[in-house]
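Asker: Any chance you can model this:
(one chain, ligands or ions: 1)
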Amino acid sequence: MVKVSDVLNSIKKSKISDADIEATCKICHATQQLTETILTTDQDDTIYLCKNGCGPIVKVEKQEIGYSLMVIGHLSYER
Ligand SMILES: [Zn+2]
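Answerer: From the prediction side, this is the model:
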C-alpha cells in the first residue's frame with residue numbers, strides 16, 4: 001500500500017510520515033491526522049476516508065509511472 005507520505009517524500013525529498021499530515025474533510029470540516037482516517041484500498045490505489053465516515057479526503061492513485069495524489073479535502077503538513 002502506497003501512502004500519501006510516500007508520494008510527498010518522493011516529490012519533496014522529505015521524510016514525513018502520515019502522522020505528520022493533517023487532513024480536513026470538506027464535508028464535516030473535521031481536521032484529523034492521516035493516521036486517524038479510515039484506510040482502504042481499491043486495487044493499487046489507496047483511499048483515505050474521513051474518520052466520521054463522510055467519504056474520501058485523499059486518494060493515492062497508481063499511474064503508468066509512479067503515483068499521484070487526488071486531494072478531495074485539504075491537506076496540511078510541515079516540512
Ligand atoms: Zn468528514
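
Asker: residue furthest from the geometric center of the protein?
Answerer: residue 64 (19.5 Å; C-alpha atoms, centre = their mean).

Asker: can you confirm it is in a helix?
Answerer: No: under DSSP: H, G, I helix; E, B strand; the rest coil, residue 64 sits outside any helix and is assigned coil.

Asker: Just the C-alpha atoms of whichever strand or helix holds residue 5, please, in CSV.
Answerer: If you go by DSSP states H and E, residue 5 is part of helix 4-12. Only the C-alpha atoms of helix 4-12 are listed here, as CSV (Å, rounded to 0.1, in the frame of the first residue of the first chain):
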residue,chain,number,x,y,z
VAL,A,4,0.3,9.9,1.0
SER,A,5,3.6,10.4,2.8
ASP,A,6,5.4,8.1,0.4
VAL,A,7,4.3,10.2,-2.5
LEU,A,8,5.1,13.5,-0.8
ASN,A,9,8.5,12.2,0.3
SER,A,10,9.4,11.1,-3.3
ILE,A,11,8.4,14.5,-4.7
LYS,A,12,9.9,16.7,-1.9
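
Asker: And the pLDDT at the residue farthest from the centre of the chain?
Answerer: The model reports residue 64 with a pLDDT of 95.

Asker: Pop out the phi and psi values for it.
Answerer: Backbone torsions for residue 64, taken as degrees, to the nearest 10, come to phi -60, psi -40.

Asker: Against the ion, how distant is it?
Answerer: 32 Å (C-beta to the ion, to the nearest Å). C-beta coordinates here come from the backbone N, C-alpha and C atoms, glycine included.
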